[in-house]
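need a 3D model of the following:
(one chain, ligands or ions: 1)
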Amino acid sequence: MTLYARARRHAWRMAAVTVLAVLMVVVADRFVGHSTLAFAAAIVMLILANAPMLKFNCPRCGKNAFFRGPFVVFWPNRVCTRCGHDLDGPRA
Ligand SMILES: [Zn+2]
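Alright, predicted model coming up:
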């Protein structure tokens with residue numbers, strides 16, 4: 001599996017966790033009356049789930065596939081923005 005494919009899978013997993021986190025806060029708010037703890041738990045969950053993101057680095061120059069310049073984007077780059085390496089290629 002290419003780096004781009006793995007990064008893309010991670011992006012989908014993050015989308016699922018984000019939906020789950022929002023649902024958790026909404027449900028807690030509805031049944032408990034407040035969502036402070038659920039909100040804190042959701043944030044921790046999102047940070048933990050997103051930790052593998054830092055491992056999706058370009059094999060040639062080490063630039064993270066989720067960064068476009070100084071910005072972090074939800075969807076990974078197919079081509080490295082620094083050196084142009086094909087992250088969806090056979091040697092990515
Ligand atoms: Zn690169």
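
next SSE downstream of the longest helix seen in the chain?
Scanning the chain for the helix with the most residues, using DSSP state H, yields helix 3-32. Using DSSP states H and E, the helix or strand that directly follows helix 3-32 along the chain is helix 36-50.

mean confidence for that next one?
Taken as a whole, helix 36-50 has a mean pLDDT of 94.

just the C-alphas of that helix, formatted as PDB.
Taking Å, rounded to 0.1, in the frame of the first residue of the first chain, the C-alpha atoms of helix 36-50 are listed here in PDB:
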ATOM      1  CA  THR A  36     -18.100  19.600  29.500                       C
ATOM      2  CA  LEU A  37     -16.600  16.200  30.300                       C
ATOM      3  CA  ALA A  38     -17.800  14.700  27.000                       C
ATOM      4  CA  PHE A  39     -16.300  17.600  25.200                       C
ATOM      5  CA  ALA A  40     -12.900  17.100  27.000                       C
ATOM      6  CA  ALA A  41     -13.100  13.400  26.200                       C
ATOM      7  CA  ALA A  42     -13.800  14.100  22.600                       C
ATOM      8  CA  ILE A  43     -10.800  16.400  22.300                       C
ATOM      9  CA  VAL A  44      -8.500  13.800  23.800                       C
ATOM     10  CA  MET A  45     -10.000  11.200  21.500                       C
ATOM     11  CA  LEU A  46      -9.300  13.300  18.400                       C
ATOM     12  CA  ILE A  47      -5.800  14.100  19.500                       C
ATOM     13  CA  LEU A  48      -5.000  10.400  20.100                       C
ATOM     14  CA  ALA A  49      -6.600   9.300  16.900                       C
ATOM     15  CA  ASN A  50      -4.700  12.000  14.900                       C
END
